[in-house]
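1. Below are the sequence and a predicted model; questions follow.
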Amino acid sequence: MNNSVKQSIANHIQLLLDDRIKEIQQAIHSAKESRDNETKSSVGDKYETGRAMIQFELEKHTVQLQKAQQQKHKLSQINLQKEYNRVEFGSLIFTDHGNYFIAIGLGKIEIENETFYCISLASPIGKILNNKKVGGKIIFQGREFTITEIK
């Protein structure tokens with residue numbers, strides 16, 4: 001496998017993040033419309049409660065949007081051409097119990113009929129893998145993993 005797999009993974013993640021950002025932006029737009037169209041009813045408490053709930057939704061979506069944008073920025077910082085000799089941010093790791101792309105925590109994806117786990121260095125397994133080299137062994141959830149390749 002060459003760096004095209006890493007590029008394919010990064011492209012897939014980019015598309016997932018773009019879709020996520022678009023969904024969140026639509027949710028924010030919808031919540032703002034709901035807030036702006038909310039009319040004061042004869043029951044003042046009901047009006048205030050409705051507006052407070054909409055405001056809470058807006059704040060939640062805004063935080064989600066910021067997180068997705070930060071993830072997109074972090075992904076853009078990866079040098080996909082770099083060959084790694086140890087596990088670090090941006091490396092693609094092959095083990096005897098799974099393949100990992102060290103970037104942002106998005107979980108399991110399928111690329112070219114292979115499963116890859118997109119994880120961050122802050123994840124439990126990311127912390128254990130950090131700075132390991134080919135041939136290195138780790139124990140995670142009671143299983144021993146051997147690193148067979150790093151790209």
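-> The structure has been received and is ready for your questions.

2. Residue 78: what secondary structure?
-> Assigned with DSSP: H, G, I helix; E, B strand; the rest coil, residue 78 falls in the coil class.

3. which residue sits closest to it in space, ignoring its chain neighbours?
-> The shortest distance from residue 78 to any residue that is not its chain neighbour, by CB to CB, 6 or more residues apart in numbering, is 4.0 Å, and that residue is residue 90. In short, each C-beta sits where N, CA and C put it, glycine included.

4. a helix runs through the one you found, doesn't it?
-> No - under the criterion used here (three-state DSSP), residue 90 is coil, not part of a helix.

5. Can you pull the phi/psi pair for it?
-> phi 100, psi -10 (degrees, to the nearest 10).

6. isn't it right next to residue 76, touching?
-> No - with contacts defined as CB atoms under 8 Å, residue 90 does not count as touching residue 76, sitting 11.1 Å away.

7. more crowded one of the two?
-> The residue with more neighbours, out of residue 90 and residue 76 and counting by other CB atoms under 10 Å, is residue 90; that gives 19 against 9.

8. For the more buried one, give me its contacts.
-> Shown here is residue 90, whose contacts under the criterion CB atoms under 8 Å, 6 or more residues apart in numbering are 77-80, 82, 84, 102-103.

9. Out of those, which comes closest to residue 8?
-> Minimum separation from residue 8 among the contacts of residue 90 (CB to CB) is found for residue 80, which lies at 10.0 Å.

10. Chain neighbours aside, what residue packs nearest to residue 35?
-> Once its chain neighbours are removed from consideration, residue 35 has its nearest residue in residue 54; the separation is 4.4 Å (CB to CB, 6+ apart).

11. how would you label that neighbour: helix, strand or coil?
-> In three-state terms, and counting by three-state DSSP, residue 54 is helix.

12. Quick check: residue 5 touching residue 112?
-> Yes - under the criterion of CB under 8 Å, residue 5 makes contact with residue 112 at 6.3 Å.
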